[in-house]
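J.: fold the following.
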Amino acid sequence: MRRCVCPGSFDPVTNGHLDVIERASRLYDEVTVGVLVNASKKGLFELDERIEMLREVVARLGNVQVTSFHGLLVDFCRERDIPVVVKGLRAVSDFDYELQMAQMNHRLSGLETVFVATNPEYSYLSSSLVKEVATYGGDVSGLVPDLVLQRLGGRLQAGGRRP
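T.: So this is what the prediction gives:
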């Protein structure tokens, strides 16, 4: 069985993330979306909210599961017998950082990384940018799934944490 992981913080999940996850689901038998737990970072959405949103938006993909992890990605993958990381690349700047991570992961455990070029429609898109635009009343529809759009609007209107 061919397995991979698509790791990230997904705060919130964007249509760019979904594009990479969907493409990975066509290439691999089993895709694990690994939501990073970073206690030193306070996100807009709590971990359980991010997992819930991801599970809802990938439910139609029968071979995708969502779970959280903390610590090293290589340890998470070793525990689950996942040999491949799939990462989306938006620009050369992403490649510089992700290549270093891929090389370190390979050095630590032999973990392979497959880079997927982002759909040009989403090449500028990031969770941080979505949160910033939404915070100031900008329209982020079409950049995140409808479910996320509703929760994002509700969070910001309710006086939730600013990104």
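J.: output the below-cut-off pLDDT ranges for this protein.
T.: Counting by pLDDT under 70, the ranges of the chain that qualify are 158-163.
J.: all helices for it, in order.
T.: 15-27, 47-58, 73-80, 92-109, 127-135, 146-157 (DSSP state H).
J.: out of these, which comes closest to residue 38?
T.: helix 47-58 (9.3 Å; Cβ to Cβ). For every residue, glycine as well, the C-beta is placed using N, CA and C.
J.: need the helices of the chain in a markdown table with mean neighbour count, can you?
T.: Below are those laid out as a markdown table (neighbours: other Cβ atoms under 10 Å):
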| stretch | mean neighbour count |
| --- | --- |
| helix 15-27 | 19 |
| helix 47-58 | 19 |
| helix 73-80 | 17 |
| helix 92-109 | 13 |
| helix 127-135 | 18 |
| helix 146-157 | 16 |
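J.: can I assume residue 20 is in contact with residue 114?
T.: No - when contacts are counted by Cβ atoms under 8 Å, residue 20 is not listed as touching residue 114 (10.3 Å).
J.: hey, what's in contact with both of these two?
T.: Residues touching both residue 20 and residue 114 by Cβ atoms under 8 Å, 6 or more residues apart in numbering: 86-87.
J.: just put the helices of the chain in JSON lines and tack on distance to residue 64.
T.: Listed next are those as JSON lines, based on distance: least, Cβ to Cβ, whole Å:
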{"stretch": "helix 15-27", "distance to residue 64": "5"}
{"stretch": "helix 47-58", "distance to residue 64": "5"}
{"stretch": "helix 73-80", "distance to residue 64": "14"}
{"stretch": "helix 92-109", "distance to residue 64": "21"}
{"stretch": "helix 127-135", "distance to residue 64": "19"}
{"stretch": "helix 146-157", "distance to residue 64": "16"}
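J.: now for these, which one comes closest to residue 40?
T.: Closest approach to residue 40 among those is made by helix 47-58 (13.3 Å; Cβ to Cβ).
J.: taking helix 146-157 as reference, get the angle to the closest one.
T.: Put simply, helix 47-58 runs at 150 degrees to helix 146-157, going by axes from the mean of the first three to the mean of the last three Cα atoms, to 10 degrees.
J.: for helix 47-58, packing partners?
T.: Helix 47-58 sits against helix 15-27, strand 30-36, strand 64-69, helix 146-157, with contacts defined as 3 or more Cβ pairs under 8 Å, 6 or more residues apart in numbering; DSSP states H and E.
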